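Novice: can't give you the sequence, but here's the structure:
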């Protein structure tokens with residue numbers, strides 16, 4: 001049935017069926033080993049873009065006994081679509097698994113209900129996974145949607161978590177395929193919502209905080225913005 005260790009392969013296979021992807025040249029290319037931790041942490045992966053995606057990030061972080069598989073998919077801002085975020089932290093007997101699709105700026109737009117209802121219905125088909133549900137703390141909670149799946153699971157439940165991801169991803173990619181760019185006032189509003197979302201992420205996202213810890217406040221923030229948001233300062 002597959003393992004969460006295969007999640008990047010699964011995601012890339014589905015993306016390449018629908019989109020033509022291009023490699024992004026980063027200011028600080030992978031792999032990286034932060035000097036602050038004496039090379040004990042290694043970060044590697046792929047950062048890509050396409051006609052419809054500003055960023056497609058498939059990143060692996062090796063931290064002593066833990067491996068973190070990160071997926072971040074952000075459509076171009078003018079499409080005004082939700083982003084998809086997925087984190088899998090494997091270490092010891094437990095795995096932390098997070099997948100969510102959420103709007104930049106939080107909440108839902110008029111007409112979003114059917115899409116998010118579909119994701120929630122998928123999640124409801126995995127009640128055994130949701131027994132391990134946990135919660136985020138702090139202001140970052142405001143970013144995520146009602147479709148959030150955040151659970152602590154065992155290795156035996158890996159295949160089911162991977163299947164849930166596949167279903168979320170298929171629904172998400174179908175939506176992106178059908179999207180058209182905004183213009184006029186709608187585009188202005190989308191840009192404002194995105195800028196507010198970005199400010200929240202920079203201040204409160206655990207991943208950005210980790211980058212600041214690994215590379216210092218300035219170096220970590222610059223790397224995170226370049227990798228995930230196509231912003232170099």
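Specialist: Done, it's in. Since we're looking at a predicted model, the values are computed, not measured.

Novice: helix or strand for the closest residue to residue 161 other than its chain neighbours, which one?
Specialist: Counting by C-beta to C-beta, 6 or more residues apart in numbering, residue 97 is the residue found nearest to residue 161 once chain neighbours are left out, at 4.7 Å. To be clear about C-beta, it is placed using only N, CA and C from the backbone, and glycine gets the same treatment. For residue 97, the host element (DSSP states H and E) is strand 94-102.

Novice: so which bits of that strand are buried?
Specialist: 95, 96, 97, 98, 99, 100, 101, 102 (16 or more other C-beta atoms under 10 Å).

Novice: need those residues in TSV with distance to residue 88 and pLDDT, can you?
Specialist: Shown next, in TSV, are these (distance: C-beta to C-beta, whole Å; pLDDT from 0 to 100):
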residue	distance to residue 88	pLDDT
95	7	93
96	7	94
97	5	96
98	8	95
99	9	96
100	13	95
101	16	95
102	18	90
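
Novice: quick check: next helix or strand after the helix or strand hosting residue 203?
Specialist: Using DSSP H and E, residue 203 falls within helix 184-204. Next helix or strand after helix 184-204 toward the C-terminus (DSSP H and E): helix 206-215.

Novice: what average pLDDT does that following helix get?
Specialist: Helix 206-215 shows an average pLDDT of 83 in the prediction.

Novice: so the residue nearest to the spatial centre of the chain: helix, strand or coil?
Specialist: The geometric centre of the chain, computed from its C-alpha atoms, lies nearest to residue 85 (C-alpha atoms, centre = their mean), at 2.0 Å. At residue 85 the chain is in strand, as set by DSSP: H, G, I helix; E, B strand; the rest coil.

Novice: what packs against the strand holding residue 97?
Specialist: With contacts taken as 3 or more C-beta pairs under 8 Å, 6 or more residues apart in numbering; DSSP states H and E, strand 94-102 sits against strand 83-91, strand 149-154, helix 158-178.

Novice: which one of those lies nearest to residue 211?
Specialist: For residue 211, the closest of the helices and strands packed on strand 94-102 is strand 83-91, at 13.7 Å, according to C-beta to C-beta.

Novice: got the angle for the closest one vs strand 94-102?
Specialist: Calculated by axes from the mean of the first three to the mean of the last three C-alpha atoms, to 10 degrees, strand 83-91 forms an angle of 180 degrees with strand 94-102.
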